[in-house]
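Chemist: dropping a prediction and its sequence here:
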Amino acid sequence: MTGSMAGWLVRRSAQAALVVLAMTVIVFVGLHVAGNPVDILVPPEADAAERARIAASFGLDQPLWRQYLLFVARALQGDLGRSFIYNQPALALVVERLPATLELSLAALVLAAGLGIGLGLYAGLRPRAAAARLIMAGSVVGLSLPGFWVGLMLVIGFSVRLGWLPSSGRGETVAVLGVGWSFLTADGLAHLILPAANLALFKLALILRLTRAGVREVVHLDYVRFARARGLAPSRVVGVHILRAILIPIVTVIGLEFCSTVAFSMVTESIFAWPGMGRLMVESIHVLDRPVIVAYLVAVVLLFVAVNLLADILYRLLDPRVGTAGAGRGA
Amino acid sequence: MSSLAEEGPPPAPALAVSEPSPSPSLSPMRVLWRDFAASRVALGSLAVVLLLVAAAVLAPWIAPQNPFDLTQLDLLDGRLPPGAEGALVGTYWLGTDDQGRDMLSAILFGLRLSLLVGIGSAVVAGALGTLVGLAAAQSRAQAGGRADAALMRLADLQLSCPSILIALMVIAFLGRGTGNVLLALVLVEWAYYARAARSAALVELKAEYVEAARGLVLSSWWILLRHVLPNGLLSLVVIATTQVARAIALEATLSFLGLGVPVTEPSLGLLIANGRQYVLSGETWISLYPGVALLLLMAAINLAGDRFRDVLNPRLGQ
Amino acid sequence: MTATLPLLEVRGLRTELPARHGALNVPLNVLDGVSFSLGRGRILGLVGESGSGKSATAFSIMGLLDPPARVAGGSIRFAGRELAGLPERELRRLRGNRIAMIFQDPMMTLNPVLTIGAQIVETVLAHARVGRAEARRRARDALGRVGVPGPEERLDAHPHELSGGLRQRVAIAIALLHEPDLIIADEPTTALDATIQAQILREIRGLVEGGRTAVLWITHDLSVAEQLSDEIAVMYAGRIVEQAPAGELLSRPAHPYTAGLLASLPRGPRGSRLTPIPGLPPTLSGRPAGCAFRPRCAAAAPACAADPPWRGRMDGRGGVRCLTPGPEGSR
């Protein structure tokens, strides 16, 4: 098993590298085909001589394929240009804000997964209960509400009207591993709650519905019935037999949804003035700080590919039937 | 005994074959409508959608004011609460924004823009995606499937990428504007149609292709257009209903972030964004009512679309 | 039967699927007055087509009906104790302990993501106060008892690594763990090939010969029931239509349905024709009033539109629910 796992890991990593490569091509083509790359890489206020100098220094007089290789070579060294606004390396700017976005996204996902799986289990096990019907109706609402609207309502409700929770910023942070984290202080946690809830709502509805559907399907499977027929305690039937069976698709979806959570966090970050890289991206588009835009896209793609790889590995660890020496399911 | 537990149709599969159509004279469309109308929620949602579409279409005639025409706006009427009397228009039923724009008029015109972008992107993406899907199926059936593999990898890549990221890339590279928003939405949506069209076409080509003239590229395209498209149309329409709702939400989000339509022609999302700075001082109506309109529209489309899909799905398999 | 109480006594068991809000507003009787009794050391074969209610009988006894199906009337007495209406906690103490169940498809009854050992151990721990090491020892012994080769290694295997026959042996080992008084076997050999089926039937026979355990053997296959059972009850459309000692029932079927089943078996003198019963069994919502077999019965009379009473067979052994029973077996 370990041997085949290593081989699979190599193949899967090569695949991931290919996706990253494809994305750099898209970003590169986006930069060069959609607009004049000089405009993108040069501050708008630069004069003609300055433009020519920078164009030459970026190799913009070279053929496109050489330019691409140059772009990749620079990117590999972590050089994605300097921000016009901050006059700092663009990648460093993005990376600096990465922890805030990661903290917000992870908090949202933990909230969504915890509540979603819990409520989904309940709604799936007691489909006729009034509370379960209410939960399901709520999930439909959660899926059709646009996230920014929910965020605004949370601000109006909990910050403006009730005054319970702060509506902007990260609050007090504690430095661990060289970066600040909000969730470690009471003040930071208070700042984290509303944005995390905002970002979580859609995923919560999604995970809830997925869990419920999984439970409805699994409770009628013979092995769950057999587990009950063996006299196992309900907690064990639900917590081990049902949960393990539905966990695989849920983990897959959470893995996939992590990426969209990070991407959509830019909306939440904008509403709650959360100093993450999503807000930086939105601001950079407003002022056309293109090196930062590129740096954000590259960082996000790398993150996504890494997370997908991780989810795939987890998936194989959870389901012993997958990929034991190439044997198919149930073989 | 698993049938004991199903909550769906009555557990009588053998009997059910003859049961569902008591009046066999009904055409398939009439049956579809009857099944759809069996749900009051769906019927109500459809009514809301039609009402909102009608209001949007008729906006220039029924709105008290043209909110895009700056000469009609009076800055002195700015930020009036709902029900206030204005100098130019009469009663501002939903109040005014900071420009002195009548919110009711702004919402009607904003609805118009949101629907236009939502439906427009669905139509363009639907046509493009269907074409791509058919071409992919065609390539698989006839030309060894290289183009098919490439197109489907592209679709996979697109589908695995969060919609807002694709939209932002378009806006970042091309700039703001209604046309670019439309392009962004099309790029986000096309893959859904392409996949559906491809799988419908592959089924059909497998069945018919053997008998059809082999090797003639023209003939297989003929089959696709003559048979696959009409049969697959319903499933594409189902996809379109969800995609319209998604497109409207995405457009609203982009506009809310200030990365969508221009400020001179506000969509619902932009109206909400405009009112945001006043929310904290308690002047919530500027954001609230456009938000309510957006919610109503999205919930109604989603609910009606869900029912539509449920009614259609057993038939899709046939 | 001796004067002592039978181990299991089912009287007038009625299991229904309650009315739903939609089209059908009458409760459907899945079981419509099922009665039988079973003594220790005996095997009762419950024979019927799918949908006849034989599995519903098993799940009613186990208290494992999927809601909204429920026991609506009658009594189930097990070792002098009424099971109908017993709280779930009490039922759970019996399940897998005093009453064990074996399911049809060994592929489906074991949880694919848990090891064999984990599933046996959890069953040990559900009913016995022992440590993990002792539970594992018992698990290994249980596998050894049912002839699983290399039980120690099998404990760490996942179900998909075992053959169908071995998997069913594992299921049987689990059923025997706590030396139950009653084993309910729901078509446990249907999914196995003939040799393994015969082996397992022999082992079950041997098990019962010990004297303490009773077996309710559910099958659609009259010939399997004949090989194994002391007594056979034939079910049709939610009712027992005939019950008699196995030999008598097969040699002299009284109910036309039993006779029909028998005639469709490849047995009897060489060259005799196999005649299937015309028509199909009724669906749950389409059962006719009176004798449900009437539409397919060659001997049906107008009087059959009324409920036929249960009465003794001509030979005085067992009973039959028919107005026009065959005199003594089929022609």
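Modeler: That came in fine, so what should we check first?
Chemist: which bits of the stretch 151-300 of chain B sit near chain A?
Modeler: B:157, B:160-165, B:168-169, B:171-174, B:245, B:249, B:252-253, B:256-259, B:269, B:272, B:276, B:279-280, B:282, B:284, B:287, B:291, B:294-295, B:298-299 (C-beta under 8 Å from any C-beta of the partner chain). To be clear about C-beta, it is placed using only N, CA and C from the backbone, and glycine gets the same treatment.
Chemist: at 7 Å instead, please
Modeler: Counting by C-beta under 7 Å from any C-beta of the partner chain, the residues of the stretch 151-300 of chain B close to chain A are B:157, B:162, B:164-165, B:168-169, B:171-174, B:245, B:249, B:252-253, B:256-259, B:272, B:276, B:279-280, B:284, B:287, B:291, B:294-295, B:298-299.
Chemist: how about the stretch 101-250 of chain C?
Modeler: Counting by C-beta under 7 Å from any C-beta, the stretch 101-250 of chain C comes close to chain A at C:101, C:103, C:105, C:108-113, C:122-123, C:126-127, C:158, C:160, C:174.
Chemist: looking at these, which are in helices?
Modeler: Secondary structure from DSSP state H places C:M108, C:T109, C:E122, C:T123, C:A126, C:H127, C:I174 of those in helices.
Chemist: which residue is nearest the centroid of chain B?
Modeler: B:V244 (0.7 Å; C-alpha atoms, centre = their mean).
Chemist: mind telling me what element that residue is part of?
Modeler: Using DSSP states H and E, B:V244 sits in helix B:229-256.
Chemist: that helix: which residues count as buried?
Modeler: B:229, B:232, B:234-236, B:238-256 (16 or more other C-beta atoms under 10 Å in any protein chain shown).
Chemist: from the chain's centre, how far out does the longest helix belonging to chain B sit?
Modeler: Assignment by DSSP H gives helix B:103-142 as the longest helix of chain B. Mean-position distance between helix B:103-142 and its chain equals 7 Å (C-alpha atoms, centre = their mean, to the nearest Å).
Chemist: what's it packed up against?
Modeler: helix B:40-57, helix B:59-62, helix B:146-160, helix B:178-209, helix B:217-223, helix B:229-256, helix B:268-279, helix B:285-316 (3 or more C-beta pairs under 7 Å, 6 or more residues apart in numbering or on different chains; DSSP states H and E).
Chemist: angle of that helix against helix B:229-256?
Modeler: Using axes from the mean of the first three to the mean of the last three C-alpha atoms, to 10 degrees, the direction of helix B:103-142 lies 140 degrees away from that of helix B:229-256.
Chemist: tell me the mean pLDDT over helix B:103-142?
Modeler: For helix B:103-142, mean pLDDT is 87.
Chemist: same question for that helix: list its buried residues.
Modeler: In helix B:103-142, counting by 16+ other C-beta under 10 Å, buried: B:103-122, B:124-126, B:128-130, B:132-142.
Chemist: and C:E152, how many residues sit next to it?
Modeler: 12 (other C-beta atoms under 10 Å in any protein chain shown).
Chemist: wait, it touches C:R140, no?
Modeler: Yes. Counting by C-beta atoms under 7 Å, C:R140 is a contact partner of C:E152 at 5.7 Å.
Chemist: next one: stretch B:139-151 to chain centre, how far?
Modeler: Distance of stretch B:139-151 from the chain centroid (C-alpha atoms, centre = their mean) equals 29 Å.
Chemist: span of that stretch from start to end?
Modeler: Terminal residues of stretch B:139-151 are spaced 10 Å apart (C-alpha to C-alpha, to the nearest Å).
Chemist: show me what C:R14 is bridged to.
Modeler: C:D32, C:G73 (DSSP bridges).
Chemist: that one contacts C:D32, doesn't it?
Modeler: Yes. With contact defined as C-beta under 7 Å, C:R14 counts as touching C:D32 (6.2 Å).
Chemist: need the residues of the stretch 1-150 of chain A near chain B, please.
Modeler: A:A22, A:G30, A:A34, A:G35, A:P127, A:S144, A:L145, A:P146, A:G147, A:F148, A:W149.
Chemist: so what pLDDT did A:G35 get?
Modeler: In this model, A:G35 carries a pLDDT of 59.
Chemist: revised request: answer the last question for A:G118.
Modeler: 93.
Chemist: quick one: the residue nearest to the centre of chain B from B:Y192, how far?
Modeler: From B:V244 across to B:Y192, the span is 12 Å (C-beta to C-beta, to the nearest Å).
Chemist: and for A:Q67?
Modeler: A:Q67 is 34 Å from B:Y192, by C-beta to C-beta.
Chemist: list the buried residues in stretch A:268-283.
Modeler: A:268-272, A:274-283.
Chemist: in helices only, show me these.
Modeler: Per DSSP H, the buried residues of stretch A:268-283 map to helices at A:T268, A:E269, A:S270, A:I271, A:M277, A:G278, A:R279, A:L280, A:M281, A:V282, A:E283.
Chemist: surely C:T189 meets C:A198?
Modeler: No. Contact criterion C-beta under 7 Å: C:T189 and C:A198 do not qualify, at 8.6 Å.
Chemist: out of the two, which sits in the busier spot?
Modeler: Under the criterion of other C-beta under 10 Å, the comparison of C:T189 against C:A198 puts C:T189 first, with 25 against 14.
Chemist: that older thread, more neighbours: which of A:Q67 and B:Y192?
Modeler: B:Y192 (22 against 18).
Chemist: which residues are in contact with that one?
Modeler: B:G129, B:I239, B:Q243 (C-beta atoms under 7 Å, 6 or more residues apart in numbering or on different chains).
Chemist: and of those residues, the nearest to chain C?
Modeler: Nearest to chain C among the contacts of B:Y192, counting by C-beta to the nearest C-beta, is B:I239 at 28.6 Å.
Chemist: so that closest one touches B:Y193, yeah?
Modeler: Yes. Using C-beta under 7 Å, B:I239 is in contact with B:Y193, at 6.1 Å.
Chemist: just how off-centre is stretch A:107-114 within its chain?
Modeler: The answer for stretch A:107-114 is 12 Å, by C-alpha atoms, centre = their mean.
Chemist: that should have said stretch A:297-309, apologies.
Modeler: So, by C-alpha atoms, centre = their mean, the centroid of stretch A:297-309 is 9 Å from its chain's centroid.
Chemist: number of residues surrounding the nearest residue to B:R176 once chain neighbours are set aside?
Modeler: Nearest residue to B:R176 in three dimensions, chain neighbours excluded: B:L259, at 6.1 Å (C-beta to C-beta, 6 or more residues apart in numbering or on different chains). Other residues near B:L259 number 24, with proximity taken as other C-beta under 10 Å.
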